[in-house]
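S.K.: Using only what follows, build the 3D model:
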Amino acid sequence: MRLVNHERNAVDLRTTPVHLGLESRANPVEGFAWDPEVLQAYSAAVAADGAEGRMVMIFDGDGLGDHWESHPAGDELVVCLSGSVTVTRDVDGVPDRVLLGPGEATINPAGVWHVVDMEGPTSILAITATLGTDHRPRTDTRPTERVGTPGPEEAP
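M.R.: This is a model prediction of the structure:
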């Protein structure tokens with residue numbers, strides 16, 4: 001995993017996220033993967049950005065999300081590019097659902113647990129504050145106790 005400076009070629013946000021950092025920097029994250037070792041390297045590479053760092057990525061999918069997540073360092077913007085997506089937030093134990101169609105967006109507030117369900121083939125764009133991100137497996141309608149894949153800041 002490495003941050004690329006001054007990329008001149010097209011970047012596929014489905015496979016290569018872009019990190020937005022301090023001083024309006026935008027760096028493609030080459031070799032990114034949802035693997036603890038890669039997440040640790042990413043966290044170390046962007047540590048100086050602290051809570052101001054953001055990851056921009058496109059996700060394609062179909063079906064129910066398999067995990068809840070929370071981003072304590074900042075809000076997350078979720079944009080539906082195609083298809084239909086339901087974002088469910090756990091707000092004080094009560095599910096808050098937002099249905100998005102193409103071109104529509106929602107903001108997940110900092111620290112709020114949420115899950116994304118894609119109804120049919122769907123693409124979303126997410127702009128995420130990654131510092132301290134936590135994931136929990138989806139075993140119920142609400143987040144369960146802390147287990148699962150660590151976020152970028154928690155990878156061993």
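
S.K.: How much space separates the most centrally placed residue in the chain from residue 90?
M.R.: Within the chain, one residue has its C-alpha closest to the average C-alpha position: by Cα atoms, centre = their mean, that is residue 128, at 5.0 Å. Residue 128 sits 17 Å away from residue 90 when distances are taken as Cβ to Cβ, to the nearest Å. For the C-beta atoms, the positions are set from N, CA and C on the backbone; glycine is no exception.

S.K.: what do you get for residue 127?
M.R.: Between residue 127 and residue 90 the distance is 21 Å, computed by Cβ to Cβ.

S.K.: Quick one: mean pLDDT over stretch 12-27.
M.R.: Averaging the model's pLDDT scores along stretch 12-27 yields 96.

S.K.: Mind giving me the packing neighbours of the lengthiest strand in the chain?
M.R.: With secondary structure taken from DSSP state E, the chain has its longest strand at strand 113-128. Using 3 or more Cβ pairs under 8 Å, 6 or more residues apart in numbering; DSSP states H and E as the contact criterion, the neighbours of strand 113-128 among helices and strands are strand 54-63, strand 67-70, strand 76-82, strand 85-91.

S.K.: now those strands in a markdown table, with distance to residue 116 and mean pLDDT?
M.R.: Written out in a markdown table, the entries for these read as follows (distance: least, Cβ to Cβ, whole Å; pLDDT from 0 to 100):
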| stretch | distance to residue 116 | mean pLDDT |
| --- | --- | --- |
| strand 54-63 | 8 | 97 |
| strand 67-70 | 9 | 94 |
| strand 76-82 | 7 | 99 |
| strand 85-91 | 6 | 96 |
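
S.K.: which of those is buried the deepest?
M.R.: The highest mean neighbour count among these belongs to strand 67-70 (a mean of 20), with neighbours defined as mean count of other Cβ atoms under 10 Å.

S.K.: Which neighbouring elements make contact with it?
M.R.: Packing contacts for strand 67-70, counted by 3+ Cβ pairs under 8 Å, 6+ apart, involve strand 113-128, strand 134-137.

S.K.: Residues contacting the longest one, please?
M.R.: Translated: strand 113-128. With Cβ atoms under 8 Å, 6 or more residues apart in numbering as the contact definition, strand 113-128 has outside contacts at 13, 20, 54-65, 67-71, 76-90, 100, 108, 136, 138, 142-143.
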